[in-house]
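Asks: model this:
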Amino acid sequence: VQKSIMMTCCSKIICKGCSHANGMREIEGSLQQRCPFCRKPSIETDEEGDKRWMKRIEANDSVAMTQKGIQQFKKGDYSSAFEY
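Replies: Here you go, the predicted model:
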């Protein structure tokens, strides 16, 4: 079980409990859901998340590259995983 998630907008890693608490605070306050670090609005689709992720990779963000490599490795795409 993965206990943390990576925010695709800024590549910050946050525990799921903190993410949940932030989401509950935003729902209770009728606020728009945003990243707790950079305050960008939450993604609506997976495509939007992938687009943000690739933008971080193009900016040479080491965390984004590492997480993308891990994702590709878990899919079984070992050559692509090595690229990241």
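
Asks: Shouldn't Phe73 be within a helix?
Replies: Yes. Under DSSP: H, G, I helix; E, B strand; the rest coil, Phe73 falls within a helix.

Asks: Where does pLDDT dip in this structure?
Replies: Along the chain, the parts satisfying pLDDT under 70 run over 1.

Asks: those helices in this protein, which residues are they?
Replies: 16-28, 46-58, 62-75, 78-83 (DSSP state H).

Asks: Tabulate the ones you listed in CSV, adding columns for distance to Ser4 and mean neighbour count.
Replies: C-beta here means a position set from N, CA and C on the backbone, and glycine is covered the same way. CSV is the format used below for the helices of the chain (distance: least, C-beta to C-beta, whole Å; neighbours: other C-beta atoms under 10 Å):
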stretch, distance to Ser4, mean neighbour count
helix 16-28, 6, 12
helix 46-58, 16, 15
helix 62-75, 11, 15
helix 78-83, 20, 11
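
Asks: Now tabulate those in JSON lines and tack on distance to Met7.
Replies: Converted to JSON lines, the helices of the chain look like this (distance: least, C-beta to C-beta, whole Å):
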{"stretch": "helix 16-28", "distance to Met7": "8"}
{"stretch": "helix 46-58", "distance to Met7": "9"}
{"stretch": "helix 62-75", "distance to Met7": "10"}
{"stretch": "helix 78-83", "distance to Met7": "21"}
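
Asks: State the distance from the closest residue to Leu31 other than its chain neighbours to Lys3.
Replies: Leaving out its chain neighbours, the residue that sits closest to Leu31 by C-beta to C-beta, 6 or more residues apart in numbering is Arg25, at 7.6 Å. Arg25 sits 20 Å away from Lys3, going by C-beta to C-beta, to the nearest Å.

Asks: who touches the nearest residue to Cys38 once chain neighbours are set aside in this structure?
Replies: Among residues not flanking Cys38 along the chain, Cys10 sits closest, at 4.1 Å (C-beta to C-beta, 6+ apart). Contact analysis of Cys10 by C-beta atoms under 8 Å, 6 or more residues apart in numbering lists 35, 37-38, 40, 56.
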